[in-house]
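**Student:** sequence first, predicted model second:
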Amino acid sequence: QVQLVESGGGLVQAGGSLRLSCVVSGRSFTIYNMAWFRQAPGQEREFVAAITRSSVTTEYADSVKGRFTISRDNAKNTLYLQMNSLKPGDTAVYYCGATVVGLPLAPELYNYWGQGTPVTVSA
């Protein structure tokens, strides 16, 4: 069984930064492409960023391009999301997901999910 555990969320003022982490255990981390999604209250889960197994390719939602950076450390089985210049609109629960199918934008194509870490950005 694969387990994903996110951490690093919290309360931050607009313009601030946070770094999220997602530790993967249970199977080889390197067989999965990884992604971050977020879900605000009353809204659907939306794609934020994704990265391939070897970090060669990354994808970002337009809303976070230039502000967020996704990365991974395969030696530590850990996925990261560096979030800079945060805005109140970034407020959501952030989830990491693992997939063996490309870098899909649709959450239903991810095989495993973490429990989420909340991020609140105050104005």
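**Tutor:** Structure received.

**Student:** distance of the most centrally placed residue in the chain relative to Gly42?
**Tutor:** Closest residue to the average C-alpha location of the chain: Trp36 at 2.2 Å, with CA atoms, centre = their mean. Distance, Trp36 to Gly42, using CB to CB, to the nearest Å: 20 Å. From N, CA and C alone the C-beta is placed, and that goes for glycine too.

**Student:** what about stretch 39-47, start to end distance?
**Tutor:** Using CA to CA, to the nearest Å, the end-to-end distance of stretch 39-47 comes to 9 Å.

**Student:** show me which residues of that stretch are buried.
**Tutor:** Under the neighbour-count criterion of 16 or more other CB atoms under 10 Å, stretch 39-47 has Arg45, Phe47 buried.

**Student:** surely Thr91 is in contact with Met83?
**Tutor:** No: Thr91 is beyond contact range of Met83, at 11.4 Å (criterion: CB atoms under 8 Å).

**Student:** okay, these two: which has more neighbours?
**Tutor:** Ranked by neighbour count (other CB atoms under 10 Å), Thr91 and Met83 place Met83 first, with 26 against 17.

**Student:** residues contacting that one?
**Tutor:** Met83 makes contacts with Ser17, Leu18, Arg19, Leu20, Val64, Arg67, Phe68, Asp90, Val119, as judged by CB atoms under 8 Å, 6 or more residues apart in numbering.

**Student:** any chance of those residues in CSV, plus distance to Leu11, pLDDT and secondary structure?
**Tutor:** CSV is the format used below for the contacts of Met83 (distance: CB to CB, whole Å; pLDDT from 0 to 100; DSSP: H, G, I helix; E, B strand; the rest coil):
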residue, distance to Leu11, pLDDT, secondary structure
Ser17, 13, 98, coil
Leu18, 9, 98, strand
Arg19, 15, 98, strand
Leu20, 14, 98, strand
Val64, 19, 98, coil
Arg67, 18, 98, coil
Phe68, 18, 98, strand
Asp90, 12, 98, helix
Val119, 8, 98, strand
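
**Student:** if any of these are buried, give me the ChimeraX selection for them.
**Tutor:** To isolate the buried ones among the contacts of Met83 in ChimeraX, judged by 16+ other CB under 10 Å, type:
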select :18,20,64,68,90,119
